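Any chance you can model this:
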Amino acid sequence: MSFRLRAVRAIVLLAGFHLIGVTLLAAMAVLDWLLLTKLFTERAAWMEGMALTATVVIALGILRGMVVSVRAGRPGPVLDAVAVAPQDQPELWEQVRSAAEATGERPPDELYLTAEVEAGVSEHSRLLGLLPGRRRMLLGAPLLAGLTVAQLRAVLAHEFGHYGNLDTRLGGVTMRGRTAVLHTVEVFGNGGTWLHHAVGSLYVGYAKMFLNASQSVARRQELAADQVAARHAGRDAMAGALRAVPVLGAAHNHYQKTYAAMGEPLGALPPAGELHGGFRRLLAARTGDQLTALGAGQRPPRPHRYDSHPLNAERLALIVALPADERTGGPADERAALSLLRDPDGVFTALERCTLPPEAARLRRLSWDDLVKARAVADALGWSRPLRLAVARALRSAESGAEGAVPRQRDADGTMHEELPDLYEVLDAVDRGLLWTAIADRMPKPAQAGRLTGASARNFVRPRLFDALAGMVMLHLVAAGQATPDVAWSGRPGLALPDIWEEHMDDALDAVLADTPDTAALRSLLTEAGAVPA
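Okay, the predicted model is just below:
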């Protein structure tokens, strides 16, 4: 079957989606008419009454399905994005309109900036995409931060290409229809009664048939959109965009987990506008190879079953194979796409207000340095607590022969807290020979590890002891003013230690946790660095 015939078949099937409900309702109407006029008998009246009731109930379900299919594709309100009017960001809108014109399509009626690495155009289409409607574009601010202007042009042109009649006059209609049909399938797949599922299964089954039949048309449309984008922005810009977007996605995931979420355990946030705006700092501090490494070894997200996008490597190979063009892009094209925005800081601040829940207004704001330091201290306290509890219980048992709870004392402000040993008290306990005889056994461990003995038991608990002791050293150095926060946009945030600690700390900790413990090296470091007890 030729490609054009496949496109025609897809449109016929799309139109048939609307006829499902009409056909079923007509069939039930005929059945009810026959029951009432031809088949009705007094003896079987109860059976006919049940049949009539069943058809009415089923008809209500079918009517609901018809309403869902007619309303499919209608976009809801956008609550987590910043609406951008042409007068607010004229340069950005100019690029959007230019991309739409290049594909022969209408520009969007609405433009929103989001906090994700994304770009997309949705349409309030009617009759499952057979008739066009109001358009909305979502554009990720992180995407603008990582692409050049030329690459952004390519991305925009590709998104509008979804709706253009590129390889066939029916391509754009098919793509609109697939979006609306997918929405219908999702609606019927979310909860409901048994009747909801029974009627919905008819629509879902037909929808899957349409999606399978139109898959080749949609795939061809995607590749055609790539070609249009390359003609509009240049071959190299389109190839660069295909390479950059997955890298930006992985980098943004890393930023969200490592930096944006840093203050969650503390009930704190970075400075206003930096929750999303800090991503710019990470991109500026890292080389292309460093950014690529963030996604190395990660499996790409599993595509939707009916995703029409070919593999990125296939798309890239087709673009690179295009003949060289004159659209090499001048210096202006290599500007960061974020430069198209007026007041980017204000945009990121507004975006933060849209994405944070109302209760976030009560959270404290810390500078990045203070946030890194507070998180490092909180982590060190968490790492060291099991060791400090184990030492406190071991000392209590050694002195009085009773385990019991760790004693508590009241601070000047009335707060009660446990009397846990400091670093030097822990080292003193190790020097008393308690590490492997009393302390290690009191460290938390899985039940299966409780059966280990000898070297196996020591090797299992040693990494936990190392982390706990390192946490205590960090806390001690912070209190002594020897550790400073390092945001490390090009690495991992944490505390920067004096050179002598960076060079010798691991060896000193290993010596403390050896089978025959020796605290001399660690005590010497504490003395040489001036981090001695007050």
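
what about the closest residue to Val372 other than its chain neighbours, which SS state?
Distances taken as C-beta to C-beta, 6 or more residues apart in numbering place Pro485 nearest to Val372, at 4.1 Å, with adjacent residues excluded. C-beta coordinates here come from the backbone N, C-alpha and C atoms, glycine included. Using DSSP: H, G, I helix; E, B strand; the rest coil, the structure places Pro485 in strand.

OK, contacts around Pro485?
Counting by C-beta atoms under 8 Å, 6 or more residues apart in numbering, Pro485 touches 369-370, 372-373, 376, 493-496.

swap the cut-off to 10 Å and go again
367-377, 478, 493-496 (C-beta atoms under 10 Å, 6 or more residues apart in numbering).

In ChimeraX, how would I select the buried members of these?
ChimeraX command restricting the contacts of Pro485 to the buried ones, with burial defined by 16 or more other C-beta atoms under 10 Å:
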select :368,370,371,372,373,374,375,376,377,478,493,494,495
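
Okay, and which of the contacts of Pro485 map to helices?
368-377, 478 (DSSP state H).

which among those residues gets closest to Ala360?
Leu371 (14.6 Å; C-beta to C-beta).

Isn't that closest one up against Pro271?
Yes: between Leu371 and Pro271 a contact is recorded at 8.8 Å, counting by C-beta atoms under 10 Å.

Which single one of the contacts of Pro485 is nearest to Ala150?
Of those, the one sitting nearest to Ala150 (C-beta to C-beta) turns out to be Trp368, at 31.4 Å.

now the closest one, nearest residue through space, not along the chain?
Val487 (4.8 Å).

Could you report the neighbour count for that neighbour?
By other C-beta atoms under 10 Å, 22 other residues sit near Val487.

cool, Leu341 as well?
There are 21 residues near Leu341, going by other C-beta under 10 Å.

do the one 10 residues further on as well
Leu351 has 24 neighbours, counted by other C-beta under 10 Å.

That one: which element?
helix 344-355 (DSSP states H and E).

circling back: now the residue nearest to Trp368, what are its backbone angles?
phi -60, psi -30 (degrees, to the nearest 10).

doesn't Gly494 make contact with it?
Yes: if you go by C-beta under 10 Å, Val487 and Gly494 touch, sitting 9.2 Å apart.

Check which helices and strands the helix holding Leu351 sits against.
strand 82-83, strand 110-114, helix 141-146, helix 274-277, helix 279-285 (3 or more C-beta pairs under 10 Å, 6 or more residues apart in numbering; DSSP states H and E).

okay, the last one in CSV with CA atoms only?
The one in question is helix 279-285. Provided in CSV are the C-alpha atoms of helix 279-285 (Å, rounded to 0.1, in the frame of the first residue of the first chain):
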residue,chain,number,x,y,z
PHE,A,279,20.5,25.4,36.1
ARG,A,280,22.2,28.2,34.0
ARG,A,281,25.2,28.1,36.4
LEU,A,282,25.6,24.4,36.0
LEU,A,283,25.6,24.7,32.2
ALA,A,284,28.1,27.6,32.3
ALA,A,285,30.5,25.7,34.6
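
Tell me the buried residues in the helix or strand that that helix is followed by?
Where DSSP H and E defines the elements, the next helix or strand beyond helix 279-285 is helix 288-294. For helix 288-294, a neighbour-count test (16+ other C-beta under 10 Å) marks 291-292, 294 as buried.

contacting residues around helix 288-294?
Residues contacting helix 288-294 (C-beta under 10 Å, 6+ apart): 146, 243-244, 246-255, 258, 282-283, 285-287, 296, 490-491.

Just the CA trace of it, in PDB.
Below are the C-alpha coordinates for helix 288-294, written out as PDB (Å, rounded to 0.1, in the frame of the first residue of the first chain):
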ATOM      1  CA  GLY A 288      30.300  19.600  26.700                       C
ATOM      2  CA  ASP A 289      32.000  16.400  27.600                       C
ATOM      3  CA  GLN A 290      31.100  16.900  31.300                       C
ATOM      4  CA  LEU A 291      27.500  17.500  30.500                       C
ATOM      5  CA  THR A 292      27.400  14.400  28.200                       C
ATOM      6  CA  ALA A 293      28.900  12.300  31.000                       C
ATOM      7  CA  LEU A 294      25.900  13.100  33.200                       C
END
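
wouldn't Gly234 be in contact with Ala154 here?
Yes: using C-beta under 10 Å, Gly234 is in contact with Ala154, at 7.6 Å.

Pick out whichever of these two has more residues nearby.
With neighbours defined as other C-beta under 10 Å, Gly234 and Ala154 compare such that Ala154 has more, 30 against 23.

What are the boundaries of the strands in the stretch 1-150 of the chain?
82-83, 110-114, 119-126, 131-140 (DSSP state E, counting those that start in this stretch).

got JSON lines for those, with mean pLDDT too?
Putting these into JSON lines (pLDDT from 0 to 100) gives the following:
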{"stretch": "strand 82-83", "mean pLDDT": "94"}
{"stretch": "strand 110-114", "mean pLDDT": "96"}
{"stretch": "strand 119-126", "mean pLDDT": "76"}
{"stretch": "strand 131-140", "mean pLDDT": "82"}
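
Could you export those strands to CSV, including columns for mean neighbour count?
Shown next, in CSV, are these (neighbours: other C-beta atoms under 10 Å):
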stretch, mean neighbour count
strand 82-83, 18
strand 110-114, 21
strand 119-126, 20
strand 131-140, 19
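
Among these, single out whichever gets nearest to Ala27.
Closest to Ala27 of those is strand 119-126 (C-beta to C-beta; 26.0 Å).

Quick one: distance of that closest one to the chain centre.
Strand 119-126 sits 22 Å away from the centroid of its parent chain (C-alpha atoms, centre = their mean, to the nearest Å).

tell me what it is packed against?
Contact analysis of strand 119-126 by 3+ C-beta pairs under 10 Å, 6+ apart lists helix 90-102, strand 110-114, strand 131-140, helix 149-161, helix 171-189 as its packing neighbours.

returning to what we had before: turn the strands of the stretch 1-150 of the chain into CSV, including distance to Thr527.
Shown next, in CSV, are those (distance: least, C-beta to C-beta, whole Å):
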stretch, distance to Thr527
strand 82-83, 55
strand 110-114, 54
strand 119-126, 58
strand 131-140, 53
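
circling back: nearest to Val320 among the helices and strands packed on helix 344-355 would be which one?
Nearest of the helices and strands packed on helix 344-355 to Val320, taken as C-beta to C-beta: helix 141-146 at 20.6 Å.

for the closest one, packing partners?
Secondary elements touching helix 141-146 (3+ C-beta pairs under 10 Å, 6+ apart): strand 110-114, helix 149-161, helix 235-255, helix 274-277, helix 279-285, helix 344-355.

Now distance to Glu101 too, for these, in JSON lines please.
What follows is the helices and strands packed on helix 141-146, written out as JSON lines (distance: least, C-beta to C-beta, whole Å):
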{"stretch": "strand 110-114", "distance to Glu101": "15"}
{"stretch": "helix 149-161", "distance to Glu101": "9"}
{"stretch": "helix 235-255", "distance to Glu101": "17"}
{"stretch": "helix 274-277", "distance to Glu101": "30"}
{"stretch": "helix 279-285", "distance to Glu101": "30"}
{"stretch": "helix 344-355", "distance to Glu101": "25"}
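
what's the most buried one of these?
Sort the helices and strands packed on helix 141-146 by mean neighbour count, taking mean count of other C-beta atoms under 10 Å, and helix 149-161 sits at the top with a mean of 27.

Just give me how far it sits from the chain centre.
On C-alpha atoms, centre = their mean, the centre of helix 149-161 falls 22 Å from that of its chain.

Using just helix, strand and coil, how would you label Pro421?
From three-state DSSP, the assignment for Pro421 is coil.
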